[in-house]
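Asks: What would the 3D arrangement of this be:
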Amino acid sequence: MKKHLNAVAIGALMGLAFVGGHTLTFQGWAQDKAPDKAATSSDANDTYKQLDLFGEVFERVRAEYVEEVSDKQLIESAINGMLTSLDPHSNFLNADEFQDMQSQTRGSFGGLGIEVTMENGVVKVVSPIDDTPAAKAGVQAGDLIIAIDGKPIVNMSLNEAVDKMRGPVGSNITITLRRGDADPYDLTMARATIPVESVRWRTEGNVGYIRITSFTERTEDGLKRGIADIKKKLGDKLQGYVLDLRNDPGGLLDQAIAVSDAFLDKGEIVSTRSRKADQAQRYNATPGDLADGLPLVVLINGGSASASEIVAGALQDHHRAVLMGTQSFGKGSVQTIIPLPGHGAMRLTTARYYTPSGRSIQQLGITPDIEVQQAKIEEIAQLRGYREADLKGALNNDNNKNLPGQDGDAQKTPPAPGAVPDKTATPDKAVVPPTDGAADATKPADVDYQLSRALDLLRGLALFQKGQAD
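Replies: From the prediction side, this is the model:
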């Protein structure tokens, strides 16, 4: 039996040679000079000893574990354990999980709409997806999911946790969240169809606002549609764009390159470096700026990861955009999805990526040019002090148009000294992402402080640019 297991394990190891889009064989081990035969033989002997150990443990578990476990489950768990021990982003996907992953990048799936990672044995929310049950229920980036339907996350793999959070549309699920130092609390939500429409847009005055929630196969097309629609609506009045990458967990590398290219005329966008120097790749921009050189402000925060950091880093290094917000997540690695026919696939970290200036942002993230923390704006009631008009013997205003009581907001009779400002005024409207790409809807809510600052900055840049042109 052990000999048979060794052969199976060796075959599995051969399967790991399919990386980075290249089919590698054991012949790929040969370098510029022939390897030392004695060293090769010694390494092979050590490998066989470890495979013997695996076979012994496998046999002992299947024979003596308290409950019967299928060989398939043991083998898949062993493979997944090998991959997850490498880094937080490598793992094994069985056939169902592989299909779910494909649906995320191509269509839709039933779930809560949360991008997650594993941290210290619990599931950490990287970001909620806009207009999903999780986002509507108030789940935030950085929240820790410690239980699902009352079952603790401890000893549960990330894939198992994600699988439990997905399910039939309309079915209920209860997750237990911990936020900061606060006590854990339960949150019950109904699963919904999670659309993978990753680009939304609208106009904010004379500014085009574009929100990218993730990088899927349709992101580039969505960006082009959004820019074209904004240009059509604003025409010559268009002052620039705000590109919102906040809470964007990333996605496909080629889409991050395409989005960066949309705003760059030339130069490097990103480079990737794998274990072998000859497999390094560089991706360069092609001529043409869809924004026609207009000012660009990019919003990032702690939920901006991976592909969104590639875009932010490229635009920052080329001084094409001003980055505003807070430090990004810091995921500077590339994962390759490697299909395993008949068994699913594996997600393997195959390279690190670097911004055009050569920065690796792994664990560090992208630092915004202007740091702006998210904040809430509140009206503070203040007692009215004395003004010029209250002083005895003050000169009269000789322009009747500005006298109190005339038409216009500025001519209203001022309140009496000590009066408290009227609190029944119409509340500000927040900048709320619309439910579809072409909508311009807003609704009363808290003001998006970071976006407000981005709009102010962009309008200032537009005035400065116009002044230079004049």
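
Asks: Contacts only, for residue 245.
Replies: Residues counted as contacts of residue 245 (Cβ atoms under 8 Å, 6 or more residues apart in numbering) are 212, 298, 299, 300, 304, 308, 311, 312. Every residue, glycine included, has its C-beta placed from N, CA and C.

Asks: Shouldn't the second one be within a helix?
Replies: No. Applying DSSP: H, G, I helix; E, B strand; the rest coil, one finds residue 298 to be strand, outside a helix.

Asks: List the contacts of it.
Replies: Neighbours of residue 298 in contact, by Cβ under 8 Å, 6+ apart: 242, 243, 244, 245, 311, 312, 315, 316, 321, 322, 323, 324.

Asks: where are the low-confidence patches of this structure?
Replies: 1-42, 104, 106-108, 196, 400-446, 467-470 (pLDDT under 70).

Asks: can you give me the helices in it?
Replies: 2-15, 37-64, 71-84, 95-106, 133-137, 158-165, 219-234, 253-263, 307-317, 449-469 (DSSP state H).

Asks: who touches the fifth one?
Replies: In this structure, residues lying in contact with helix 133-137 by Cβ under 8 Å, 6+ apart are 112, 113, 114, 125, 128, 129, 187, 189, 190, 191, 192.

Asks: Residue 194 and residue 303: what is the separation?
Replies: Noted for residue 194: a distance of 17 Å to residue 303, by Cβ to Cβ, to the nearest Å.

Asks: To clarify, my last question referred to residue 332.
Replies: 16 Å.

Asks: next one: residue 393
Replies: Residue 393 sits 60 Å away from residue 303, going by Cβ to Cβ.

Asks: Of these two, which one has the most company?
Replies: residue 303 (22 against 4; other Cβ atoms under 10 Å).

Asks: thinking the more buried one is in contact with residue 139, fair?
Replies: No. Residue 303 lies out of contact with residue 139 (Cβ atoms under 8 Å); the separation is 11.3 Å.

Asks: Weed out the non-buried ones from the contacts of residue 298.
Replies: 242, 243, 244, 245, 311, 312, 315, 316, 321, 322, 323, 324 (16 or more other Cβ atoms under 10 Å).

Asks: What's opposite the first one in the beta bridge?
Replies: Counting by DSSP bridges, residue 242 is bridged to residue 209, residue 297.

Asks: returning to what we had before: any chance of the buried ones among the contacts of residue 298 in JSON lines, with distance to residue 84 too?
Replies: Below are these laid out as JSON lines (distance: Cβ to Cβ, whole Å):
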{"residue": "242", "distance to residue 84": "38"}
{"residue": "243", "distance to residue 84": "34"}
{"residue": "244", "distance to residue 84": "32"}
{"residue": "245", "distance to residue 84": "28"}
{"residue": "311", "distance to residue 84": "28"}
{"residue": "312", "distance to residue 84": "28"}
{"residue": "315", "distance to residue 84": "33"}
{"residue": "316", "distance to residue 84": "32"}
{"residue": "321", "distance to residue 84": "36"}
{"residue": "322", "distance to residue 84": "38"}
{"residue": "323", "distance to residue 84": "33"}
{"residue": "324", "distance to residue 84": "36"}
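
Asks: List the contacts of residue 313.
Replies: So residue 313 contacts 270, 355, 356, 359, 361, 366 (Cβ under 8 Å, 6+ apart).

Asks: one more time with 10 Å, if that's ok
Replies: For residue 313, the contact set (Cβ atoms under 10 Å, 6 or more residues apart in numbering) comprises 256, 260, 269-270, 300, 323, 328, 332, 353-357, 359, 361, 365-366.

Asks: Okay, and which of these map to strands?
Replies: Members of the contacts of residue 313 lying in strands (criterion: DSSP state E): 269, 270, 300, 323, 353, 354.

Asks: who wins for neighbours among the residues you listed?
Replies: For the ones in strands among the contacts of residue 313, neighbours were counted using other Cβ under 10 Å, and residue 300 has the most, 31 neighbours in all.

Asks: Now the common contact residues for residue 303 and residue 139.
Replies: Here residue 303 and residue 139 have 125, 127, 128 as joint contacts, going by Cβ under 10 Å, 6+ apart.

Asks: so the second one touches residue 246, yeah?
Replies: Translated: residue 127. Yes. In terms of Cβ atoms under 10 Å, residue 127 counts as a neighbour of residue 246; the distance is 8.1 Å.

Asks: The two: which is more packed in?
Replies: Neighbour count, other Cβ under 10 Å: between residue 127 and residue 246, residue 127 has more, with 29 against 24.

Asks: rewinding a little: okay, the contacts of residue 245 in TSV with distance to residue 71 next?
Replies: Putting the contacts of residue 245 into TSV (distance: Cβ to Cβ, whole Å) gives the following:
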residue	distance to residue 71
212	44
298	50
299	50
300	46
304	42
308	41
311	45
312	46
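
Asks: from those residues, which is closest to residue 58?
Replies: If you rank those by distance to residue 58 using Cβ to Cβ, residue 308 comes first, at 41.5 Å.

Asks: you'd agree that closest one is up against residue 366?
Replies: Yes. Using Cβ under 10 Å, residue 308 makes contact with residue 366 at a distance of 8.9 Å.

Asks: Quick check: neighbours shared by these two?
Replies: 245, 298, 300, 328, 329.

Asks: who are the neighbours in contact with the fourth one?
Replies: Counting by Cβ under 10 Å, 6+ apart, residue 328 makes contact with 245-246, 248, 300-306, 308-309, 312-313, 361, 364-368.

Asks: could you flag which of those residues are buried?
Replies: Among the contacts of residue 328, those classed as buried by 16+ other Cβ under 10 Å are 245-246, 248, 300-306, 308-309, 312-313, 361, 365-366, 368.

Asks: Surely residue 141 touches residue 303?
Replies: Yes. At 3.8 Å, residue 141 counts as touching residue 303 under the criterion of Cβ under 10 Å.

Asks: Residues that sit against both of the two, list them.
Replies: What both residue 141 and residue 303 touch, as defined by Cβ under 10 Å, 6+ apart, is the set 115, 125, 126, 127, 128, 246, 247, 249, 329.
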